[in-house]
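*Asks:* predicted model, plus sequence, below.
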Amino acid sequence: MKAIVQDRYGSPDEVLRLREIEMPAVGDDDVLVRVRAASVHADVWHVVTGQPYVLRLMGGGFSRPKNPVPGTDMAGIVEAVGRNVTRFRPGDEVFGETVKANQWTNGGAFAEYVSAHHGSLEIKPRNVGFEQAAGVPTSGLIVLNNLQGQRSILPGQKVLINGAAGGVGSLAVQIAKARGAVVTGVDSAAKLEMVRSLGADRVIDYRSEDFTRSGERYDLIIDVASTLSLADSKRALAPAGLYVLIGHDHYGKARRPVLGSLPRFFLNAAISSFVRQLGKSFFEPLDRRETMPVLRELLEAGKITPVIDRTFPLSKVSEAIGYLQEGTARGKIIIVP
Ligand SMILES: NC(=O)c1ccc[n+]([C@@H]2O[C@H](COP(=O)([O-])OP(=O)(O)OC[C@H]3O[C@@H](n4cnc5c(N)ncnc54)[C@H](OP(=O)(O)O)[C@@H]3O)[C@@H](O)[C@H]2O)c1
């Protein structure tokens, strides 16, 4: 089959090549999927470049990626199933994340076929195309993982999403609206019309207005762009409001090549018992078998509609990652084998 292969970490245009390789092995708990569409997101950039370096110690592969085929998010048609798999059968249309636990590893989705654990997949709603479904898994799971427990959104709450036009932010806007929140989206001016079209009640251009000094108070601030300090966020939070850090390294521009955003997460966890606005810290993501059905229902009901900016053929994955890095995309970047 044709696949994008990387034998080492580095800049996408230097390390990614289109090659003919063996079909992936299908384990007893796996599903072999013929990929119809895959998508590019910030974590793909992390694993292709091997940055921050700590990801190499977290299962990605120390000197080279353990799995040479990048990509984690895809939608396609089931070709075959392992002998323990009863949830799917050949011909089913599915979507999901092809990694089992850690998003900082290659998942093999930038290929004609991929083998994934059945627990990471879900039936694709019939009313949603492959390209749209492929844009949802990682970003949607990040949103759901971060809206657990104390951070659950209640109807009528005021929610601000900082970085509302990106992969995670655009789904966060729609999921918060689906839960009845009054949503403010913050991003750069050129993307605000799209944020409004996703349902945001109010939009703010971060370059022309500092919302932390406007006097407005929010029940929840979801900091996808990860550009806010805790002190700034506190000024804009209601008395019982919470701040949620998503963690973004801005494709290397944040200059944290060794540990990325991890020190900030660990610091927040360490002080969370004393800083009420941080809520209770948790690092365990929800089981995909619980969260993928939630994403399917939201898609099926039209409560989330992934916006597609551009589609690239499989041979142009490095250009697609370069376009993601530019930061001008309004919506998801899709790869079609
Ligand atoms: N916490 C978790 O559970 C978890 C798990 C996995 C991954 N992640 C991380 O989640 C992040 C996902 O982000 P994404 O895919 O949504 O990124 P993205 O598509 O790059 O979007 C980020 C958006 O933020 C905007 N932005 C930049 N600076 C800003 C500022 N100062 N204020 C407000 N908005 C600003 C950008 O617009 P302009 O560029 O036009 O300014 C862009 O529209 C990744 O970094 C990934 O590593 C988190």
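*Replies:* That came in fine, so what should we check first?
*Asks:* how about the residues of the stretch 201-337 of the chain by the ligand?
*Replies:* Counting by Cβ under 6 Å from any ligand atom, the positions of the stretch 201-337 of the chain adjacent to the ligand are 206, 224-225, 227, 246-249, 327. The C-beta positions use only the backbone N, C-alpha and C, and glycine is treated the same way.
*Asks:* for those residues, pick the one with the most neighbours.
*Replies:* V224 (29 neighbours; other Cβ atoms under 10 Å).
*Asks:* that residue: what's it in contact with?
*Replies:* Applying Cβ atoms under 8 Å, 6 or more residues apart in numbering to V224 gives the contacts 161-164, 166, 168-169, 172, 246, 248.
*Asks:* once you drop chain neighbours, what's closest to it?
*Replies:* G163 (3.5 Å; Cβ to Cβ, 6 or more residues apart in numbering).
*Asks:* the one you found and G169 touch, don't they?
*Replies:* Yes - counting by Cβ atoms under 8 Å, G163 does reach G169; the two are 4.6 Å apart.
*Asks:* mutual contacts of those two, please.
*Replies:* In contact with both G163 and G169: 187, 224-225, using Cβ under 8 Å, 6+ apart.
*Asks:* kindly reformat the residues you listed as a markdown table containing distance to F211, secondary structure and pLDDT.
*Replies:* Formatted as a markdown table, the shared contacts of G163 and G169 follow (distance: Cβ to Cβ, whole Å; DSSP: H, G, I helix; E, B strand; the rest coil; pLDDT from 0 to 100):
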| residue | distance to F211 | secondary structure | pLDDT |
| --- | --- | --- | --- |
| D187 | 12 | strand | 98 |
| V224 | 14 | coil | 96 |
| A225 | 12 | coil | 95 |
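*Asks:* how far away is the residue located most distally from the centre of the chain from G185?
*Replies:* Distance from the C-alpha centroid of the chain peaks at G215, with 31.1 Å (Cα atoms, centre = their mean). Taking Cβ to Cβ, to the nearest Å as the measure, G215 falls 19 Å from G185.
*Asks:* okay, the residue of the stretch 151-300 of the chain found nearest the ligand: pLDDT?
*Replies:* Nearest residue of the stretch 151-300 of the chain to the ligand: G166, at 1.9 Å (Cβ to the nearest ligand atom). Model confidence at G166, expressed as pLDDT, equals 93.
*Asks:* for stretch 182-191, which residues meet the burial criterion?
*Replies:* 182-187, 191 (16 or more other Cβ atoms under 10 Å).
*Asks:* quick one: which of these sit in strands?
*Replies:* By the criterion of DSSP state E, membership of these in strands covers 182-187.
*Asks:* need those residues in TSV (columns: distance to the ligand).
*Replies:* Listed next are these as TSV, based on distance: Cβ to the nearest ligand atom, whole Å:
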residue	distance to the ligand
V182	19
V183	14
T184	11
G185	9
V186	5
D187	5
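*Asks:* separation between the closest residue to S208 other than its chain neighbours and E209?
*Replies:* Closest residue in space to S208, ignoring its immediate chain neighbours: A189 at 7.2 Å, by Cβ to Cβ, 6+ apart. According to Cβ to Cβ, A189 and E209 sit 10 Å apart.
*Asks:* cool, and V128?
*Replies:* The spacing between V128 and E209, counted by Cβ to Cβ, is 35 Å.
*Asks:* repeat for R36
*Replies:* Counting by Cβ to Cβ, the gap from R36 to E209 is 41 Å.
*Asks:* more neighbours: those two, which one.
*Replies:* Legend: neighbour count by other Cβ under 10 Å for R36 and E209, higher for R36 (21 against 11).
*Asks:* thinking again about what came up before, dump the residue contacts of the residue of the stretch 151-300 of the chain closest to the ligand.
*Replies:* 42, 187, 224-225.
*Asks:* now the two most distant members of the residues you listed.
*Replies:* Maximum pairwise distance in those, criterion Cβ to Cβ, is 14.9 Å, between A42 and D187.
*Asks:* where does the stretch 1-150 of the chain come near the ligand, residue by residue?
*Replies:* Residues of the stretch 1-150 of the chain lying near the ligand (Cβ under 6 Å from any ligand atom): 41-43, 103, 139, 142, 145-146.
*Asks:* name the member of those with the most neighbours.
*Replies:* S139 (26 neighbours).
*Asks:* what about it, is that helix, strand or coil?
*Replies:* Under DSSP: H, G, I helix; E, B strand; the rest coil, the three-state class of S139 is helix.
*Asks:* neighbours around the residue lying closest to it once chain neighbours are set aside, how many?
*Replies:* Excluding its sequence neighbours, the residue lying closest to S139 (Cβ to Cβ, 6+ apart) is G167, at 4.2 Å. G167 has 29 neighbours, counted by other Cβ under 10 Å.
*Asks:* isn't G167 right up against L141?
*Replies:* No - G167 lies out of contact with L141 (Cβ under 8 Å); the separation is 11.4 Å.
*Asks:* on that earlier part again, checking my notes, the residue farthest from the centre of the chain in a helix, right?
*Replies:* No - secondary structure assignment (three-state DSSP) places G215 in coil, not in a helix.
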